[in-house]
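Trainee: below is the structure, and that's it, no one-letter string:
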């Protein structure tokens, strides 16, 4: 998985530039979808832009693991992606061991967790928990004046 993930958003001078809803982030989101499909996991994108790959039917008592794929400008290779890759590999290991989960399990990619583009860290999980109002999040703007609502559209 690292071989396909590593080049995405790699800066010419080093570090990663995987800001939310940029070309690199959209490529990362496609990478996540592909990894989910490779495992036969049901993919869901919630109203906050978070991606969920489900093993089992989503519902109460679910086990959720994963992280995020975006980065701060010039960020490291493993920050969020290590959690996502590890979660997919955990699914692989459980399946190889013949485990059939008694509760639904999800691998998640939280959207814009680093806050490198719109200046609010953990945005995807804050929206999920209701700790930031959607209207406030939609109005956030990056350095070029592009709002989250416009970038997401």
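Mentor: Ah, there it is. Note that the coordinates shown come from a computational prediction; the quantities given were computed from them, not determined experimentally.
Trainee: regarding the residue of the chain positioned farthest from its centre, what is its secondary structure?
Mentor: Distance from the centre of the chain peaks at residue 98, with 27.1 Å (CA atoms, centre = their mean). Look at residue 98: counting by DSSP: H, G, I helix; E, B strand; the rest coil, its state is coil.
Trainee: look up the closest residue to residue 110, ignoring the ones flanking it.
Mentor: Residue nearest to residue 110 in three dimensions, not counting chain neighbours: residue 124, with 3.9 Å by CB to CB, 6 or more residues apart in numbering. From N, CA and C alone the C-beta is placed, and that goes for glycine too.
Trainee: for that neighbour, what are phi and psi?
Mentor: phi -60, psi -40 (degrees, to the nearest 10).
Trainee: now do the contacts for it.
Mentor: Each residue near residue 124 by CB atoms under 8 Å, 6 or more residues apart in numbering is listed here: 48-50, 68, 110-113.
Trainee: with adjacent residues omitted, what lies nearest to the residue nearest the centre of the chain?
Mentor: In the chain, the C-alpha nearest the mean C-alpha coordinate belongs to residue 109, at 2.3 Å (CA atoms, centre = their mean). Spatial nearest neighbour of residue 109, chain neighbours left out: residue 51 (4.3 Å); criterion: CB to CB, 6+ apart.
Trainee: where does the one you found land on pLDDT?
Mentor: pLDDT recorded at residue 51 is 97.
Trainee: neighbours around it, how many?
Mentor: 24 (other CB atoms under 10 Å).
Trainee: from residue 97, how far out is it?
Mentor: According to CB to CB, to the nearest Å, residue 51 stands 26 Å off from residue 97.
Trainee: same question for residue 130.
Mentor: 37 Å.
Trainee: the closest residue in space to residue 152 that isn't next to it in sequence: neighbour count?
Mentor: Leaving aside its sequence neighbours, residue 152 sits nearest to residue 21 (CB to CB, 6+ apart; 5.7 Å). By other CB under 10 Å, 21 other residues sit near residue 21.
Trainee: now do residue 15
Mentor: Using other CB under 10 Å, residue 15 has 16 neighbouring residues.
Trainee: just checking, it touches residue 76?
Mentor: Yes. Contact criterion CB atoms under 8 Å: residue 15 and residue 76 qualify, at 7.2 Å.
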